[in-house]
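*Asks:* Next comes the sequence, and after it the predicted model I'd like to discuss.
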Amino acid sequence: MKETRIYKQVNNCSIYADIYYQGANSPIILYIHGGALIFGSRDWLPSEQIDFFTRSGFSVVNIDYRLAPETEFECIIEDIKDAMDWVRTKATEWYDFDIENMAVMGSSAGGYLSLLTGTMDIKPKAIVSFYGYGDILGEWYAQPSEFYCKKPRINRGSAIKQIGDEEITAGNWNRFEFYLYCRQQGVWIQEVTGMDRIHDLDKLTKFNPINNVSIDYPPTLFLHGDQDTDVPYEQSVIMHEQLKGKGVFSRLITMEGADHAFDRNFKDPTVQRAFHDVLEFLKTYLCK
């Protein structure tokens, strides 16, 4: 049973969350979709994944957030903070789930945002990152992508046509063209954050999970295909190693031969095994 609520109203923009409530004291999964912070929406979360977690007793809160470049990067981060705060405060008017036991889970850019929640003042109890990234300042985002450069070249004029003037919380696939331009030119940082990788390094570092891991970072599970053509597999490896170095529990599940978005092939036996590992991880840290 899904209920949709507005978790944040800003300017003329309503930001929505779908709530799949599983009863009193149920632990919570806050889910953040991917799309490079440029496109995508909460509708991207496959129903079979929702069913998988709700059948196991987890309430799922599946959120939208404002998208770049119409919305400033720091405001996008604020949306994630506000979503977590809404779950712990306002949402309790309708749902008496267990606000002390919340995991944040996301894929790709949603994985990045999930990893970033571990650096915030109020942290989740656990984090699950599907092919996410912990280092937005790495060369992989600052240099032209070999994979994307094999695709038809997109010029900036064409890319900008896919972007509007008003803030949005759901981006259609046309906006992928803007992302493609960013990756072909190695300009994602400039275009999405509005900041310069060199001159604004101090400011950007605050939003770079790998630079902000502390000993109280939440236990984290990484899942990543070792043949990922979008987000390098090494992004999960280096973040995993950083957590272990700080004494934080971290586990990396390597999906051998898998590309980006491998979880879409939910019925694949290897993916099924991985999801059961995710479930065990969540039960360990949210169902004590």
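*Replies:* Right, received. Where do you want to start?
*Asks:* okay, CA-based contacts and neighbour counts for the rest of this
*Replies:* Fine.
*Asks:* how about the helices in the stretch 101-250 of the chain?
*Replies:* With helices called from DSSP state H, counting those that start in this stretch, the stretch 101-250 of the chain shows them at 109-117, 139-142, 146-149, 156-160, 176-185, 188, 201-205, 234-245.
*Asks:* Show me which of these has the highest average neighbour count.
*Replies:* Mean neighbours per residue, mean count of other Cα atoms under 10 Å, is largest over the helices of the stretch 101-250 of the chain for helix 109-117, with a mean of 27.
*Asks:* Which stretch among the helices of the stretch 101-250 of the chain approaches Asp64 most closely?
*Replies:* Nearest of those to Asp64, taken as Cα to Cα: helix 109-117 at 10.3 Å.
*Asks:* Find me the pLDDT at the residue of the chain most remote from its centre, would you?
*Replies:* Largest separation from the mean C-alpha position in the chain: Gly157, at 28.3 Å (Cα atoms, centre = their mean). For Gly157, the pLDDT comes out at 93.
*Asks:* Quick one: distance of stretch 249-256 to the chain centre.
*Replies:* The gap between where stretch 249-256 is centred and where its chain is centred comes out at 17 Å by Cα atoms, centre = their mean, to the nearest Å.
*Asks:* before we move on, what about stretch 101-114?
*Replies:* That offset, for stretch 101-114, works out to 4 Å (Cα atoms, centre = their mean).
*Asks:* And it, end to end?
*Replies:* Start-to-end span of stretch 101-114 (Cα to Cα, to the nearest Å) is 15 Å.
*Asks:* how about the nearest residue to Arg156, chain neighbours excluded?
*Replies:* Closest residue in space to Arg156, ignoring its immediate chain neighbours: Tyr181 at 6.7 Å, by Cα to Cα, 6 or more residues apart in numbering.
*Asks:* what about the closest residue to Asp216 other than its chain neighbours, how many neighbours?
*Replies:* Computed as Cα to Cα, 6+ apart, the closest residue to Asp216 that is not its neighbour in sequence is Val248, at 7.3 Å. Neighbourhood size, Val248 [other Cα atoms under 10 Å]: 19.
*Asks:* residues in contact with the most centrally placed residue in the chain?
*Replies:* Residue closest to the mean C-alpha point of the chain, counted by Cα atoms, centre = their mean, is Gly110 at 1.1 Å. Contact analysis of Gly110 by Cα atoms under 8 Å, 6 or more residues apart in numbering lists 31-35, 129, 132.
*Asks:* Make a markdown table out of those residues and add distance to Cys75, pLDDT and neighbour count.
*Replies:* Below are the contacts of Gly110 laid out as a markdown table (distance: Cα to Cα, whole Å; pLDDT from 0 to 100; neighbours: other Cα atoms under 10 Å):
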| residue | distance to Cys75 | pLDDT | neighbour count |
| --- | --- | --- | --- |
| Tyr31 | 18 | 98 | 25 |
| Ile32 | 15 | 98 | 27 |
| His33 | 16 | 98 | 26 |
| Gly34 | 17 | 98 | 25 |
| Gly35 | 17 | 98 | 20 |
| Ser129 | 21 | 98 | 27 |
| Gly132 | 20 | 98 | 28 |
